[in-house]
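Q: I would like the atomic coordinates for the input below:
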Amino acid sequence: MTKIVIIGGGIVGAMIAYELSTSAHLDITLIEQHQSASGSTGAALGVLMGAISQKVKGRAWKLRENSLKRYETLISELESLTGQTIPYNRQGIVMLGLTQDDLDKWQTLVKIRHTQGWHLELWTTEELLKHCPQVQNDQILGALYSKSDRQVHPTLLTQALITGASIKGVNCIFGQKVQNFTIKPLNNDNNSHCSQIQTDRGIFDADWVIVSGGIDSKLLTTSLAQTVDIQPVLGQAIHLKLPQTMGNVAFQPVMTGDDVHIVPLGSGEYWIGATVEFSDEANANLLEWVKEQAIAFCPELKKGEIIKTWSGKRPRPVGQAAPVIKPLDFYDNVLLATGHYRNGVLLAPATAQIIKEMIGAI
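A: Numbering: from 1, shown residues only. I've put the predicted structure just below:
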């Protein structure tokens, strides 16, 4: 049996554990120092902006496309395996256009996506009001609608992945902190080999080590003498409860404008959030700005009662593109799956697929 140790139990680590669990020859352990989805995953809104994104080619687009395709089978697969319900909005995403430049770029994007087999619709303000009458803002010039993009509850998805992985034999360990690594130099080249992971409660042998610890990946790689610089970027969110559902009850897509997301949860409840500030600490002024921006798009939100507010730190890599999915320099068996910035939930399935290929588990 090939021993795999995954460090980090957020959405990315959980997805890797679950996808690897289909390979019978792997002995998989997942280690998380806190609870599942307690870091950036727990603060995410789960908005899966794939076809509607401006990424149209290369690695950035393929990651999005592959993840969207996997999500369409993954959710029902997990629900059937675990018996858990995973809220999954299949009604798409509406992006609000605030400048003529937005509309011009979208015209081009619609044509490109058509050639790639994805359908986008460019709406006039009249069409936007017809579909989403809750949007009331004279500065909106139009909208782009993607029926193929989705939204998923990040925490419940992560918990289902952990449950599913456990059912398939993955040893999921929580409340243990990685303290050190056993590193052996290789005689035939300049590489080293990480043979063991030491936690505050035990030692785990490893043939492969996968670092998916988000912001903690910086500290983990520093312990391996190959620091990967990950910068925390603040994301903040509000949970609102309205007297009733806004707009057309039968059509409740995610709406986004000026990097602010409005996520319908059902029964008049909505999440509002954004990742817009480089900061280590929550900012009440910024949270108020996020709320006011959402209200500017949908004035009915002003009637909402605040149920909860929360924040989290997104892992943004410094000096290289997000996400970081590659072998750690000078190691023959340490893989990085981290630094997903704002797209951890979106890109988790494609990330897991790449990791499977790297360790030859396909």
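Q: which SS class is residue 238?
A: Of the three states, residue 238 takes strand under DSSP: H, G, I helix; E, B strand; the rest coil.
Q: which strand or helix spans the residue lying closest to it once chain neighbours are set aside?
A: In space, and not counting its chain neighbours, residue 238 is closest to residue 272: 4.7 Å by C-beta to C-beta, 6 or more residues apart in numbering. The C-beta positions use only the backbone N, C-alpha and C, and glycine is treated the same way. Residue 272 belongs to strand 269-277 when assigned by DSSP states H and E.
Q: OK, contacts around residue 190?
A: Contact analysis of residue 190 by C-beta atoms under 8 Å, 6 or more residues apart in numbering lists residue 330.
Q: helices along the stretch 51-200 of the chain, start to end?
A: 58-82, 100-116, 125-131, 154-167 (DSSP state H, counting those that start in this stretch).
Q: could you give the angle of the longest one to helix 154-167?
A: I take that to be helix 58-82. Angle of helix 58-82 versus helix 154-167, following axes from the mean of the first three to the mean of the last three C-alpha atoms, to 10 degrees, is 70 degrees.
Q: ok, and what's touching helix 58-82?
A: In contact with helix 58-82 (C-beta under 8 Å, 6+ apart) are residues 18, 48-51, 53, 55, 84-86, 88, 116, 118, 148-150, 152, 157, 160-161, 163-164, 167, 321, 323, 346-351, 353.
Q: please identify the buried residues of it?
A: 60-61, 63-68, 70-71, 74-75, 78, 82 (16 or more other C-beta atoms under 10 Å).
Q: pLDDT below threshold where in the stretch 251-362 of the chain?
A: For the stretch 251-362 of the chain, the stretches with pLDDT under 70 are 276-282, 362.
Q: which of the contacts of helix 58-82 are buried?
A: Here, 16+ other C-beta under 10 Å leaves 18, 48-51, 53, 55, 86, 88, 118, 148-150, 152, 157, 160-161, 163-164, 323, 346-351, 353 buried among these.
Q: circling back to that earlier point, as a markdown table, the buried residues of helix 58-82 with distance to residue 171 and pLDDT would be great.
A: Rendered in a markdown table, the data for the buried residues of helix 58-82 read as follows (distance: C-beta to C-beta, whole Å; pLDDT from 0 to 100):
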| residue | distance to residue 171 | pLDDT |
| --- | --- | --- |
| 60 | 34 | 97 |
| 61 | 35 | 98 |
| 63 | 28 | 98 |
| 64 | 31 | 98 |
| 65 | 32 | 98 |
| 66 | 27 | 98 |
| 67 | 26 | 98 |
| 68 | 30 | 98 |
| 70 | 24 | 98 |
| 71 | 26 | 98 |
| 74 | 22 | 98 |
| 75 | 25 | 98 |
| 78 | 19 | 98 |
| 82 | 17 | 98 |
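Q: for those, which one is nearest residue 266?
A: residue 75 (16.3 Å; C-beta to C-beta).
Q: sorry, back to before: the residue nearest to residue 238 pairs with what?
A: residue 238, residue 262 (DSSP bridges).
Q: just give me the neighbour total for it.
A: When neighbours are counted by other C-beta atoms under 10 Å, residue 272 registers 26.
Q: relative to residue 265, how far out is it?
A: From residue 272 across to residue 265, the span is 11 Å (C-beta to C-beta, to the nearest Å).
Q: same deal with residue 64?
A: Residue 64 is 24 Å from residue 265, by C-beta to C-beta.
Q: kindly report the same for residue 238.
A: Residue 238 is 12 Å from residue 265, by C-beta to C-beta.
Q: neighbour-wise, which of the two wins?
A: residue 238 (20 against 17).
Q: which parts of stretch 329-342 are buried?
A: So stretch 329-342, judged by 16+ other C-beta under 10 Å, has buried residues 331, 333-342.
Q: adding secondary structure and distance to residue 289, write the residues you listed out as a markdown table.
A: Formatted as a markdown table, the buried residues of stretch 329-342 follow (DSSP: H, G, I helix; E, B strand; the rest coil; distance: C-beta to C-beta, whole Å):
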| residue | secondary structure | distance to residue 289 |
| --- | --- | --- |
| 331 | strand | 43 |
| 333 | coil | 45 |
| 334 | strand | 40 |
| 335 | strand | 38 |
| 336 | strand | 34 |
| 337 | strand | 33 |
| 338 | strand | 29 |
| 339 | coil | 26 |
| 340 | coil | 25 |
| 341 | coil | 20 |
| 342 | coil | 17 |
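Q: and the two most separated of the residues you listed?
A: Applying C-beta to C-beta across the buried residues of stretch 329-342, the maximum distance is between 333 and 342, 29.6 Å.
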